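Student: Show me how the following folds:
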Amino acid sequence: MTTTEPERTGSLLKILGVTKMYSQPDNYDILVLDDINLAVERGQFVALLGPSGSGKSTLLRIVTGLSEPSFGTVLYRGRPVSGPNPHASMVFQSFALYPWLTVQQNVELGLTAKGIGLAARREKAIRLIDLIGLNGYEDAFPKELSGGMRQRVGFARALAVDPELLCMDEPFSALDFLTAENLRSELLDLWIDAKIPLQAILMVTHGIEEAVYMADRIIILSKNPARIAEDLAISLPYPRNRKSAEFVQLVDLVYKIVTGSDEDQKARPIQLGPQHKNIQTPEGERARLSPIPYGHLSMLTGLLELVSDRGGRDDLYRLGAELLLEVDDLLPVTDTAELFHLAQVDEGDLILTEQGRRFADVDVAERKNIIRRELIAIPIFRLIERVLASKSNHAMALDFFLDILEEHFSKEQAERQLMLAINWARFADLFHYDTDTELLYLADDQIDDAEVIENGTGRDHSERIE
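Tutor: Below is the predicted model:
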């Protein structure tokens, strides 16, 4: 945003070499943020954009002082941030209101913590409640309000302490479309007209259109770990017309960047702990274990069929808009399509491979065969099949594999990865899972295939239909 106000010029926030790691068992660290360097100037509305799991919210918490970096420094007005930043406020995705307090009492919370007198804080709370369009609801409780009204209270509470920096963590994602659109426009009006004493806004979002519509600068993060992939200045004047050619071109450009391949992404090494030393893994595989994307096979199948009917190539931005899907919804599916060699993403377009075209045309049985051939080339599936084939009863407890995965991922991610692997394997008839006994096992007709993998011969990738 361009402005001539003297208080809205110059550097406000600097992020210098910020790295964040979470320690796991056996001295294994999960790297979430890697050497983030970023400066936010006064008068800027900055959007942090990236796929799910790219560390956007983690970075926001570090900026506000709610979390500490493993390495690096955050400077606010030239001074290191140590503990909660008193000059920053946070608006959360989940409203985070106290249900036993009224609207006015929720807005007054920060003022009470700062020791502001009763009369002064009530006067200020009522003024903000009126500013956000909730006058008359001062004595209402959160349960009496709609989602949009509750988020308005969240904004009023964040603004009550006169922050210089407003941080927002996907503040509109839990709202219906029309409510979110109204709140976006109202917040922009307050910001542009300087009706609120903010010097900068930092917003985490997964919506590309939202970022282009609201921000004058977009920081695009990669994932695993998060690095700054692009820093884009948005010079479109406010108010912005979503249907203008310039707006559409910018959204398409951001789509291409977000969906582009990340050359820096490296697979994690497999590091089996001593409790798993009886499992022998060939050296070539020991070097790699990457997280699998959280793509639903039913959505993958439908998307490939749709693109196939359109000639085997389609624009991802157009697909997302047509299917009412954000980039966060599409990326896991397109990542899965690339993992299975069914499609590739190029310049923002999804392009089917020969195998992808065949997948879209054949019956369910042949689709299972295609996915099965791809799964056995993925380390996590080869590991599971090798273990099951080596057991005399061809079964192993779920917790055994969780123990292994938790050496490489967080506990939550390990559980999610394993359940996703089980669902994919069920579709492809690779192995089974009994929910009652919590055992992964091979059926009689699956044992021969698994023993091929255990013996290290695997399957020739020339069997893929390229």
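Student: What lies in contact with stretch 322-338?
Tutor: Contacts of stretch 322-338 with the rest of the structure, by CB atoms under 8 Å, 6 or more residues apart in numbering, involve 51-52, 206-208, 255, 258-259, 292-297, 299-300, 303-304, 316, 319-320, 343-345, 350, 356. Any C-beta I mention is one placed from the backbone N, CA and C, and that applies to glycine too.
Student: Could you rerun that using 6 Å?
Tutor: Under the criterion CB atoms under 6 Å, 6 or more residues apart in numbering, residues 51-52, 206-208, 258, 293-295, 299-300, 303, 320, 343-345, 350 lie in contact with stretch 322-338.
Student: Can you show me the CA trace of it as PDB?
Tutor: The C-alpha coordinates for stretch 322-338 follow below in PDB (Å, rounded to 0.1, in the frame of the first residue of the first chain):
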ATOM      1  CA  GLU A 322     -14.600 -24.200 -11.100                       C
ATOM      2  CA  LEU A 323     -14.500 -26.800  -8.400                       C
ATOM      3  CA  LEU A 324     -14.600 -24.200  -5.500                       C
ATOM      4  CA  LEU A 325     -11.200 -25.500  -4.300                       C
ATOM      5  CA  GLU A 326      -8.400 -23.500  -2.800                       C
ATOM      6  CA  VAL A 327      -4.800 -24.300  -3.800                       C
ATOM      7  CA  ASP A 328      -4.400 -26.100  -0.500                       C
ATOM      8  CA  ASP A 329      -7.100 -28.500  -1.600                       C
ATOM      9  CA  LEU A 330      -5.600 -29.100  -5.000                       C
ATOM     10  CA  LEU A 331      -1.900 -29.400  -4.200                       C
ATOM     11  CA  PRO A 332      -2.100 -32.700  -2.300                       C
ATOM     12  CA  VAL A 333      -4.000 -34.200  -5.200                       C
ATOM     13  CA  THR A 334      -1.600 -32.900  -7.900                       C
ATOM     14  CA  ASP A 335       1.400 -34.000  -5.700                       C
ATOM     15  CA  THR A 336      -0.100 -37.500  -5.600                       C
ATOM     16  CA  ALA A 337      -0.700 -37.500  -9.300                       C
ATOM     17  CA  GLU A 338       2.900 -36.600  -9.900                       C
END
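Student: Any buried residues in that stretch, and which?
Tutor: Using 16 or more other CB atoms under 10 Å as the test for burial, stretch 322-338 gives 325-328, 330-338.
Student: same check, this time on stretch 415-430
Tutor: Within stretch 415-430, the residues scored as buried using 16+ other CB under 10 Å are 416-418, 420-422, 424-425, 427-430.
Student: Could I get the CA-only coordinates of it as PDB?
Tutor: Output of stretch 415-430 as PDB, limited to C-alpha atoms (Å, rounded to 0.1, in the frame of the first residue of the first chain):
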ATOM      1  CA  GLU A 415       0.000 -41.200  12.500                       C
ATOM      2  CA  ARG A 416      -1.500 -39.400   9.600                       C
ATOM      3  CA  GLN A 417       1.200 -40.800   7.200                       C
ATOM      4  CA  LEU A 418       0.600 -44.300   8.300                       C
ATOM      5  CA  MET A 419      -3.200 -44.100   8.000                       C
ATOM      6  CA  LEU A 420      -2.900 -42.600   4.600                       C
ATOM      7  CA  ALA A 421      -0.500 -45.400   3.600                       C
ATOM      8  CA  ILE A 422      -3.000 -48.000   4.800                       C
ATOM      9  CA  ASN A 423      -5.800 -46.400   2.800                       C
ATOM     10  CA  TRP A 424      -3.800 -46.300  -0.300                       C
ATOM     11  CA  ALA A 425      -2.600 -49.900   0.200                       C
ATOM     12  CA  ARG A 426      -6.200 -51.000   0.700                       C
ATOM     13  CA  PHE A 427      -7.200 -49.500  -2.600                       C
ATOM     14  CA  ALA A 428      -4.400 -51.100  -4.400                       C
ATOM     15  CA  ASP A 429      -4.800 -54.400  -2.600                       C
ATOM     16  CA  LEU A 430      -1.200 -54.300  -1.400                       C
END
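Student: pLDDT on that stretch, on average?
Tutor: Mean pLDDT, computed over stretch 415-430, is 93.
Student: if I look at the closest residue to A156 other than its chain neighbours, how far off is E108?
Tutor: Among residues not flanking A156 along the chain, L128 sits closest, at 4.3 Å (CB to CB, 6 or more residues apart in numbering). As judged by CB to CB, to the nearest Å, L128 and E108 stand 10 Å apart.
Student: and the residue most central in space within the chain, what pLDDT?
Tutor: By CA atoms, centre = their mean, the mean C-alpha position of the chain lies nearest to S52, the distance being 1.2 Å. For S52, the model assigns a pLDDT of 75.
Student: Next: the one 10 residues further on.
Tutor: Looking at I62, its pLDDT is 93.
Student: ok, how many other residues are close to it?
Tutor: Counted with other CB atoms under 10 Å, residues neighbouring I62 total 22.
Student: same thing with G148?
Tutor: 17.
Student: go on, L165?
Tutor: 22.
Student: Not including adjacent chain positions, what is the nearest residue to the residue nearest to the centre of the chain?
Tutor: Nearest one to S52, counting by CB to CB, 6+ apart, is D328 at 5.1 Å.
Student: In a strand, the one you found, correct?
Tutor: No - assignment of D328 by DSSP: H, G, I helix; E, B strand; the rest coil gives helix, placing it outside any strand.
Student: Quick check: it vs F409, distance?
Tutor: For D328, the distance to F409 (CB to CB) stands at 19 Å.
Student: ok, back up a step: give the helix, strand or coil label for the residue nearest to the centre of the chain.
Tutor: coil.
Student: Would you list the phi and psi of it?
Tutor: S52 adopts backbone torsions of phi -60, psi 140, taken as degrees, to the nearest 10.
Student: cool, and L49?
Tutor: Backbone torsions of L49, given as degrees, to the nearest 10, read phi -120, psi 140.
Student: how about the strands in the stretch 1-150 of the chain?
Tutor: 11-24, 28-41, 44-49, 71-76, 79-80, 88-91 (DSSP state E, counting those that start in this stretch).
Student: Let me have those in CSV, extended by mean pLDDT, mean neighbour count and distance to E164.
Tutor: Listed next are the strands of the stretch 1-150 of the chain as CSV, based on pLDDT from 0 to 100; neighbours: other CB atoms under 10 Å; distance: least, CB to CB, whole Å:
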stretch, mean pLDDT, mean neighbour count, distance to E164
strand 11-24, 87, 18, 7
strand 28-41, 86, 18, 11
strand 44-49, 94, 25, 12
strand 71-76, 93, 17, 9
strand 79-80, 92, 9, 13
strand 88-91, 87, 23, 7
